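> Sequence plus the predicted model coming up.
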Amino acid sequence: MLLVSCPFCHKKVLKFFYAGHRAKHTAPLPDGQMRDHVTVHPTGRYKGSLSGVPQVYLHPKCGVATKMPEEIIRSYLVNPFLYGGGSFCCGCNDYRPVNEFIWTETGQNMAEYNQDLQEAYLRVHGEPPPRPTV
């Protein structure tokens with residue numbers, strides 16, 4: 001296959017140029033966060049209300065809360081296996097393990113929340129979805 005579907009911008013990119021294309025998405029911003037993150041294509045993201053869905057997490061080690069971008073929330077709601085074990089902390093300016101974060105809205109540990117979403121997905125679908133090629 002000559003084209004790769006970019007999991008960051010969802011454009012088709014020639015395989016030969018993909019490494020450079022990906023590097024632009026993953027380049028760090030001044031605060032240390034990657035410029036872009038992998039998401040589900042906009043047409044496949046969760047379309048429902050986000051009422052009751054946690055969106056802000058606290059890192060107790062530094063005391064700073066971080067709001068998760070809506071496109072990431074809507075992506076992991078349809079594919080809770082999409083992201084690895086880390087999330088960005090605006091206080092530390094670094095990616096930290098999800099077990100270090102607590103959702104401010106519910107008080108639940110982010111790792112436990114993610115595990116609950118993954119278990120619910122498996123009850124319905126039987127197996128995780130394929131991982132995107134990054």
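That came through fine.
> nearest spatial neighbour of Pro28, skipping sequence neighbours?
Among residues not flanking Pro28 along the chain, Met34 sits closest, at 6.3 Å (Cβ to Cβ, 6 or more residues apart in numbering). Placement of C-beta: from N, CA and C, glycine included.
> And for the one you found, the neighbour number?
By other Cβ atoms under 10 Å, 14 other residues sit near Met34.
> same deal with the one 5 residues further on?
Residue neighbour count, defined by other Cβ under 10 Å, stands at 23 for Thr39.
> Show me where this structure has its strands.
3-5, 12-14, 56-59, 64-67, 86-89, 94-97, 102-103 (DSSP state E).
> Pairing partners for the second one, with directions?
Strand 12-14 has its sheet partners listed here by DSSP bridges as strand 3-5 (antiparallel).
> ok, back up a step: make JSON lines out of the strands of the chain and add distance to Asp116.
Formatted as JSON lines, those follow (distance: least, Cβ to Cβ, whole Å):
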{"stretch": "strand 3-5", "distance to Asp116": "29"}
{"stretch": "strand 12-14", "distance to Asp116": "35"}
{"stretch": "strand 56-59", "distance to Asp116": "15"}
{"stretch": "strand 64-67", "distance to Asp116": "20"}
{"stretch": "strand 86-89", "distance to Asp116": "16"}
{"stretch": "strand 94-97", "distance to Asp116": "17"}
{"stretch": "strand 102-103", "distance to Asp116": "11"}
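> what about these, which gets the closest to Ala111?
Counting by Cβ to Cβ, Ala111 lies closest to strand 94-97 out of the strands of the chain; the figure is 7.6 Å.
> Check which helices and strands that closest one sits against.
Judged by 3 or more Cβ pairs under 8 Å, 6 or more residues apart in numbering; DSSP states H and E, strand 94-97 is in contact with strand 86-89.
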